[in-house]
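Colleague: Got a sequence here, can you model it:
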Amino acid sequence: QQQQLQQQQQQQQQQENDDVVEVSINVVDEAAVAQKTRVIELQQQLRAEQQQTSQLRERVLDLQKTNIVLESEKEKLCSDLSRSREAGSLKRDEINKLSEENTQSETQIASLQHDMDALRVQMRDFEFERQRNDTLQRDHEHADK
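Modeller: Predicted structure coming up:
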């Protein structure tokens, strides 16, 4: 009986040892699975962040291209504006010159108009004088006859 009891104790001890090993294996397996799951989650997160980073880089490149195009258009517009201002300045100078010429022409026209009025008066006086002389000459011829 003692032997049987000893045998039962050994079997029970062996069963307990087996249970501890099994629990230990299960705990190790669960920890490994949890660790692998965490690694997979981190890898997926890393891939997602790398993809997002790649998309952001593409967006940055697109924005840089757009910026280059807009800078080029800005430079062209500034150049066009500068040329327009220069052309406007030249037109103002031309208008001022033409205005001065117009003023001079108006002065000359007024002077010529004054001269023409004076000549008309002189022509009237000459015509009046000629008619008077003709009348006197006719009167003188009638008196001689």
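Colleague: Could you say which helix or strand holds Val60?
Modeller: According to DSSP states H and E, Val60 maps onto helix 2-144.
Colleague: Distance from that helix to the middle of the chain?
Modeller: From the chain centre to the centre of helix 2-144 is a distance of 0 Å (C-alpha atoms, centre = their mean, to the nearest Å).
Colleague: separation between the residue most central in space within the chain and Met123?
Modeller: Centroid check for the chain by C-alpha atoms, centre = their mean gives Lys74 as the closest residue, at 5.0 Å. Taking C-beta to C-beta, to the nearest Å as the measure, Lys74 falls 71 Å from Met123. Quick note: C-beta positions are derived from backbone N, CA and C, even for glycine.
Colleague: Can you pull out the low-pLDDT segments for the protein?
Modeller: 1, 17-33, 145 (pLDDT under 70).
Colleague: rerun that using 50 as the cut-off
Modeller: Under the criterion pLDDT under 50, no range of the chain is flagged.
Colleague: What's the local residue count around Asp115?
Modeller: When neighbours are defined as other C-beta atoms under 10 Å, Asp115 has 10 of them.
Colleague: before we move on, what about the one 10 residues further on?
Modeller: Asp125 is flanked by 10 other residues according to other C-beta under 10 Å.
Colleague: swap in Leu119?
Modeller: 10.
Colleague: State the distance from Gln15 to Gln8.
Modeller: 10 Å.
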